[in-house]
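Colleague: Quick one, what's the 3D model for this:
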Amino acid sequence: MGDTTDAKAASLPPELLQRILHYLLTGCLDLHQSPDWLPQAYHHPASSQTPFPRDPIYKPIGPSRAPLLSLTLVNKHWSIAAIRVLYDYVSVGSHEKSLALAETLRNSPSLAHLVRALDFAYQGPSKGARDGVLEIIPACPNVQHVRLGTSSIPTSSRCSYLTALGDCTRIRTFCLRGETNYGSLIIRRRAPPLFNFEDLVDLMGRWPDFQNLYLYPGSIVAKSPSTSNGVAWTLPSNLPRVKGLVLVASTDLKLFQKALSVTNSLEQLSLNITYPGQVYEIAPILVSSHGTMRHLDITVQCLGKPELPAAFYTALPNLPNLLYLRLSDTFFPVHRLKHSLPPKIGFLSILIYQDDYKALAEELRRRRDWLPSLRHLEIHGPFPKRWRNSDPFDVDAIDRVKRYCRRRKCHLEIID
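Modeller: Here you go, the predicted model:
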């Protein structure tokens, strides 16, 4: 029986065996082997950043790869499949490991050709030390996804990094972080950010298949030269249009507008609003992406804007394919619960006042067709009343919300 099983396993096509091995380690079965495929959000073990559906960098093999290493010893057939899965996604957690990987790829170019995703999750080399990142990136001609921490990269290396990244013409996803998790510590960049927006535009012009741009705090200069000198900026004709944009780095209004201008038919949009004028730039993007938007995450951190403008809520119901909606640090208007939420939403996270729990409970009770696909409801609050002279807080309202969510088989999470 054992010989028969071994023979059947050995006869599996390499592509099928690779997908099986990947599934056994991650629990994710990528039937189409799409570089942008990800069924659920995934928390990267070395990052505190919020996960995003289109970001394959957050789809790594788990923290332990020991099972894969064991499978490489089974036989030649299994060894080839396991090695391909091992090198499909490469996470580098320290400067020493980057040098070791650079040496491995230099001695075995065939392994370098297998790499599709590079995740440099460490604080970088010390000043004057050999930089393994600048050796690894050019050695991987088929790399499509790069996640780079710039917290310790000296500004003198800027041109070297731009050259190395620009030569990788197959890049589809670029993720920049200005801070790096180092154990339980967060290392923040003290020097000015390594790149400005003009650098990114130049790089995207060299990546014809580029689709996803992720910019975290401190990753780019908040004011690039062309936004501060008053010169009109036009979108370069050779620039690919971004489908997944995460812009949680602090930017001024003009740079914010420029970053949004490179998008077209967005599927994912995650923004951190830091200036009041930025809230008015969101609605036009939703209108231009009405048939494609699937993931929308807005955080409002500027003062004086407790709610998003009416134009935002007018555009929101015209997103028929929206599955994920998170609105943070901005109160959701309770009177818009009925008509401003697309019907396909499966994950909803909102912030409401004390007064609004009663209205939310009523919507859940009366309207069985209201958000029929909702499977996860996240509510931030209760907070103070919206109106001073409103009715006393209904202490039973939260219990009713919980009860109606149970009936709908919807997971409810209330965050105080």
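Colleague: switch to C-alpha atoms for all contacts and neighbour counts from now on
Modeller: Fine.
Colleague: Surely Leu200 is in a helix?
Modeller: Yes. Read with DSSP: H, G, I helix; E, B strand; the rest coil, Leu200 is one of the residues of a helix.
Colleague: any idea how far it lies from Glu15?
Modeller: 35 Å (Cα to Cα, to the nearest Å).
Colleague: Looking at these two, which is more packed in?
Modeller: Under the criterion of other Cα atoms under 10 Å, the comparison of Leu200 against Glu15 puts Leu200 first, with 17 against 11.
Colleague: what about that one, distance to Leu165?
Modeller: Relative to Leu165, and taking Cα to Cα, Leu200 is found at 10 Å.
Colleague: same thing with Ile379?
Modeller: Ile379 is 41 Å from Leu165, where distance means Cα to Cα.
Colleague: Then Val262?
Modeller: When distances are taken as Cα to Cα, Val262 and Leu165 turn out to be 19 Å apart.
Colleague: Below-threshold pLDDT in the stretch 1-150 of the chain: ranges please.
Modeller: For the stretch 1-150 of the chain, residues meeting the criterion pLDDT under 70 lie at 1-11, 23-74, 123-128.
Colleague: again, 90 this time
Modeller: 1-97, 114, 116-131, 144-145, 147-150 (pLDDT under 90).
Colleague: Would you map the helices across it?
Modeller: For the stretch 1-150 of the chain, helices defined by DSSP state H, counting those that start in this stretch occupy the ranges 2-10, 14-26, 66-71, 76-88, 95-107, 109-112, 133-139.
Colleague: who's in contact with the helix or strand that contains Cys159?
Modeller: Remark: Cys159 resides in helix 158-166, with elements defined by DSSP states H and E. For helix 158-166, the external contacting residues (Cα atoms under 8 Å, 6 or more residues apart in numbering) are 134, 137-138, 194-195, 199, 203, 206-207.
Colleague: let's see it at 10 Å
Modeller: The list of residues contacting helix 158-166 from outside it, by Cα atoms under 10 Å, 6 or more residues apart in numbering, reads 133-139, 146, 153, 155, 171, 174, 193-195, 199-200, 202-207.
Colleague: Just the buried ones from those residues?
Modeller: With burial judged by 16 or more other Cα atoms under 10 Å, the buried subset of the contacts of helix 158-166 is 133-139, 146, 153, 171, 174, 193-195, 200, 203-207.
Colleague: re the thing from before, will you turn the helices of the stretch 1-150 of the chain into TSV that also has distance to Arg400?
Modeller: Rendered in TSV, the data for the helices of the stretch 1-150 of the chain read as follows (distance: least, Cα to Cα, whole Å):
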stretch	distance to Arg400
helix 2-10	53
helix 14-26	37
helix 66-71	47
helix 76-88	48
helix 95-107	53
helix 109-112	57
helix 133-139	54
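Colleague: what's the closest of those to Leu296?
Modeller: Proximity to Leu296, assessed across the helices of the stretch 1-150 of the chain by Cα to Cα, is greatest for helix 14-26 (25.3 Å).
Colleague: can you pull out the strands in the chain?
Modeller: 89-92, 117-120, 145-149, 173-177, 179-182, 185-188, 212-215, 242-247, 263-273, 295-300, 324-331, 347-353, 376-383, 411-415 (DSSP state E).
Colleague: The second one pairs with which strands, parallel or anti?
Modeller: Right, the one you point to is strand 117-120. When sheet partners are counted by DSSP bridges, strand 117-120 sits next to strand 89-92 (parallel), strand 145-149 (parallel).
Colleague: So which of those is the most surrounded?
Modeller: Comparing those by mean neighbour count (mean count of other Cα atoms under 10 Å), strand 145-149 comes out on top with a mean of 23.
Colleague: Give me the angle between that one and helix 158-166.
Modeller: Computed with axes from the mean of the first three to the mean of the last three Cα atoms, to 10 degrees, the direction of strand 145-149 lies at 160 degrees from that of helix 158-166.
Colleague: Can you give the distance from strand 145-149 to the centre of its chain?
Modeller: For strand 145-149, the gap between its own C-alpha mean and the chain's C-alpha mean amounts to 12 Å (Cα atoms, centre = their mean, to the nearest Å).
Colleague: List the buried residues for stretch 342-360?
Modeller: Result for stretch 342-360 [16+ other Cα under 10 Å]: buried residues 342-358, 360.
Colleague: make that stretch 244-259, sorry
Modeller: 244-256, 258-259.
Colleague: so how far does it reach from one end to the other?
Modeller: Using Cα to Cα, the gap from the first to the last residue of stretch 244-259 comes to 12 Å.
Colleague: Show the average pLDDT along that stretch.
Modeller: Across stretch 244-259, pLDDT averages out at 87.
Colleague: so Arg406 makes contact with Leu412?
Modeller: Yes. Taking contacts as Cα atoms under 10 Å, Arg406 lies within contact range of Leu412: 8.2 Å.
Colleague: okay, these two: which has more neighbours?
Modeller: Taking Arg406 and Leu412 together and counting by other Cα under 10 Å, Leu412 has the greater number of neighbours (18 against 12).
Colleague: which non-adjacent residue is nearest Thr274?
Modeller: Across the structure, with Cα to Cα, 6 or more residues apart in numbering as the measure, the residue nearest Thr274 apart from its sequence neighbours is Cys302 (4.7 Å).
Colleague: Could you report the distance from Thr104 to Ala117?
Modeller: When Cα to Cα is applied, the distance between Thr104 and Ala117 equals 16 Å.
Colleague: Who has more neighbours out of the two?
Modeller: Between Thr104 and Ala117, Ala117 has the larger neighbour count (other Cα under 10 Å), namely 26 against 14.
Colleague: The more buried one bridge partners, please.
Modeller: For Ala117, the beta-bridge assignment (DSSP bridges) gives partners Tyr89, His145.
Colleague: Could you tell me how far it is located from Ile171?
Modeller: Counting by Cα to Cα, the gap between Ala117 and Ile171 amounts to 9 Å.
Colleague: Now do the shared contacts for those two.
Modeller: Common contacts of Ala117 and Ile171, defined by Cα under 10 Å, 6+ apart, comprise 142-146.
Colleague: who touches Asp167 in this structure?
Modeller: Listed by Cα under 10 Å, 6+ apart, the contact set of Asp167 reads 137-138, 141, 203, 206-207.
Colleague: Distance to Leu239 added to those, as CSV?
Modeller: Compiled in CSV, these are given as follows (distance: Cα to Cα, whole Å):
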residue, distance to Leu239
Ile137, 22
Pro138, 22
Pro141, 21
Leu203, 9
Arg206, 8
Trp207, 8
